[in-house]
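Chemist: Sharing a model that was predicted from the sequence below.
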Amino acid sequence: MNVTDTSCSPDSAEYQYSLFPVIYILALVVGLPGNLAALFVFTFKITPRTAFSVFISNLALVDILILCTLPFRIHYHLNRNNWVFGDIACRITGVLFYSNIYMSICLMTCICVDRYMATVHPHAYQRQRRPWRSLAVCVALWCVAGVLMLVFVLLGPLKTNVNQSGGRSCFENLSKHEWDTRLAVYSLLVLIFGSLLPSVIMLVCYPLVVRRISMIRTNTAQRAVRVIHTILAITLLCFLPNHVANLLHLLRRMDVIKSCTAANRIYDAKRVTTALVTLNTCLDPVLYYFTTGHFKWRLLKMTWLCGRVESSRDVSTIAVDLEN
């Protein structure tokens with residue numbers, strides 16, 4: 001969510017009218033089929049359910065929700081940042097977009113923890129791998145996100161400063177009143193719990209975990225290493241730049257950064273990195289691929305597309321093999 005001061009207006013950014021639609025269209029074309037396939041396979045074809053498959057299903061669902069908001073954002077930017085769908089639609093699509101970005105990184109953190117337990121503490125993991133545990137974690141995450149989204153939507157219409165083209169903005173150029181009454185607390189919460197803590201776990205703890213896992217010469221251990229490396233790559237490429245931009249934006253709003261030139265650069269960086277975050281929906285199917293292995297993922301795809309499942313026992317055997 002971008003907030004600007006009337007005393008320090010951002011420079012005109014013509015690039016956004018073409019760059020952002022291209023990024024969002026790419027995310028839709030590449031990410032939507034992969035995540036729909038993953039949601040179907042990990043929800044309906046892998047039985048019995050496991051803790052790991054529950055996290056993967058929820059991650060795919062989060063990506064799909066983000067992608068469903070992109071047609072609105074594509075129209076918005078092609079229309080030179082003039083929102084025509086009304087305030088309620090702006091609030092709903094905006095909170096869905098931003099909240100699910102942080103849901104993605106929280107779920108990927110859960111997947112890292114799950115893979116760590118499965119490889120480093122396999123006996124404890126076997127005793128505690130009941131899917132209801134991961135389901136409870138996912139339900140708790142959805143409840144927290146749902147409450148925050150509902151409160152934000154019910155706070156009323158978004159008050160914005162008029163953008164440079166004279167159009168109606170949506171989730172950008174928000175007034176100082178919006179920052180003071182609604183955005184300051186949200187920004188601080190998501191910075192701590194949606195950015196800082198997950199990043200510490202994945203970027204500091206898990207490289208150490210990979211060293212330990214790499215000493216275990218089993219297929220499960222090597223698969224776990226691939227999963228963690230993939231998640232770290234997605235975090236570094238898609239999420240970390242946005243986290244840094246959000247931190248700088250918060251410092252700007254707290255008047256720690258006072259320069260208008262710096263504020264304008266932070267404004268541009270926040271907008272660009274927010275758009276680039278959506279590309280994680282294209283990279284998450286790579287994570288699904290590495291969690292299974294080439295042959296098994298291909299077999300699952302053939303099973304889904306051709307409908308040639310001989311029996312539920314065959315699918316259960318595949319699922320158990322994927323997780324062990």
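Modeler: Received it, and whenever you're ready, just let me know what you need.
Chemist: quick one: the helices in the stretch 1-150 of the chain?
Modeler: 16-40, 51-78, 87-120, 122-128, 131-154 (DSSP state H, counting those that start in this stretch).
Chemist: can you tell which of those helices is closest to L232?
Modeler: Of all the helices of the stretch 1-150 of the chain, it is helix 87-120 that lies closest to L232, at 8.6 Å by Cβ to Cβ. Every residue, glycine included, has its C-beta placed from N, CA and C.
Chemist: elements contacting that closest one?
Modeler: Judged by 3 or more Cβ pairs under 8 Å, 6 or more residues apart in numbering; DSSP states H and E, helix 87-120 is in contact with helix 51-78, helix 122-128, helix 131-154, helix 197-200, helix 206-214, helix 219-234, helix 280-292.
Chemist: Check the helices of the stretch 1-150 of the chain for me: which has the lowest mean pLDDT.
Modeler: Here these differ in mean pLDDT, and the lowest is helix 122-128 at a mean of 73.
Chemist: In a markdown table: the helices of the stretch 1-150 of the chain, plus mean neighbour count and distance to S169.
Modeler: Shown next, in a markdown table, are the helices of the stretch 1-150 of the chain (neighbours: other Cβ atoms under 10 Å; distance: least, Cβ to Cβ, whole Å):
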| stretch | mean neighbour count | distance to S169 |
| --- | --- | --- |
| helix 16-40 | 18 | 12 |
| helix 51-78 | 22 | 9 |
| helix 87-120 | 21 | 9 |
| helix 122-128 | 12 | 48 |
| helix 131-154 | 15 | 16 |
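Chemist: so which of the helices and strands packed on helix 87-120 gets nearest S259?
Modeler: helix 197-200 (26.5 Å).
Chemist: Report the buried residues of that closest one.
Modeler: Within helix 197-200, the residues that count as buried by 16 or more other Cβ atoms under 10 Å are 198-199.
Chemist: Repeat that for stretch 231-249.
Modeler: 231-232, 234-235, 238-243, 245-246, 248-249.
Chemist: State the distance from C260 to I266.
Modeler: From C260 over to I266 the distance is 10 Å, taken as Cβ to Cβ, to the nearest Å.
Chemist: typo on my end, it should be R49
Modeler: Going from R49 to I266 by Cβ to Cβ gives 44 Å.
Chemist: can you put the helices and strands packed on helix 87-120 in a markdown table and add distance to I23?
Modeler: Output for the helices and strands packed on helix 87-120, formatted as a markdown table (distance: least, Cβ to Cβ, whole Å):
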| stretch | distance to I23 |
| --- | --- |
| helix 51-78 | 9 |
| helix 122-128 | 38 |
| helix 131-154 | 24 |
| helix 197-200 | 22 |
| helix 206-214 | 28 |
| helix 219-234 | 16 |
| helix 280-292 | 10 |
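Chemist: Out of those, flag the one nearest R168.
Modeler: Smallest distance to R168 across those (Cβ to Cβ): 9.6 Å, for helix 51-78.
Chemist: Quick one: residues contacting C112.
Modeler: Going by Cβ atoms under 8 Å, 6 or more residues apart in numbering, C112 touches 201-202, 206, 209, 227-228, 231.
Chemist: Settle it for me: which of R49 and I266 has more neighbours?
Modeler: Shown here are R49 and I266; by other Cβ atoms under 10 Å, I266 has more neighbours (24 against 17).
Chemist: With adjacent residues omitted, what lies nearest to that one?
Modeler: Excluding its sequence neighbours, the residue lying closest to I266 (Cβ to Cβ, 6 or more residues apart in numbering) is L248, at 4.7 Å.
Chemist: Check which helices and strands the strand or helix carrying the one you found is in contact with.
Modeler: Assigned by DSSP states H and E, L248 belongs to helix 240-253. Applying 3+ Cβ pairs under 8 Å, 6+ apart, one finds that helix 240-253 makes contact with helix 184-189, helix 260-277.
Chemist: Next, the buried residues of the longest one.
Modeler: With burial defined by 16+ other Cβ under 10 Å, the residues of helix 260-277 counted as buried are 263-277.
Chemist: and which of these is nearest S18?
Modeler: A275 (11.7 Å).
Chemist: nearest to S18, of the contacts of C112?
Modeler: Nearest member of the contacts of C112 to S18, counting by Cβ to Cβ, is I231, at 31.1 Å.
Chemist: The closest one is in contact with L287, isn't it?
Modeler: Yes. Assessed by Cβ atoms under 8 Å, I231 is found in contact with L287 at 6.5 Å.
Chemist: who's in contact with the helix holding L248?
Modeler: 2-3, 101, 179, 184, 187-188, 190-191, 195-196, 199, 203, 257, 262-263, 266-267, 269-270, 273-274, 276-277.
Chemist: now it: how far from the chain's centre is it?
Modeler: Helix 240-253 sits 17 Å away from the centroid of its parent chain (Cα atoms, centre = their mean, to the nearest Å).
Chemist: cool, stretch 63-79 as well?
Modeler: 15 Å.
Chemist: Also stretch 91-106?
Modeler: On Cα atoms, centre = their mean, the centre of stretch 91-106 falls 7 Å from the chain's centre.
Chemist: For the closest residue to S175 other than its chain neighbours, the count of nearby residues, please.
Modeler: Closest residue to S175 apart from its sequence neighbours, by Cβ to Cβ, 6+ apart: K159 at 4.7 Å. Applying other Cβ under 10 Å, we find 13 residues neighbouring K159.
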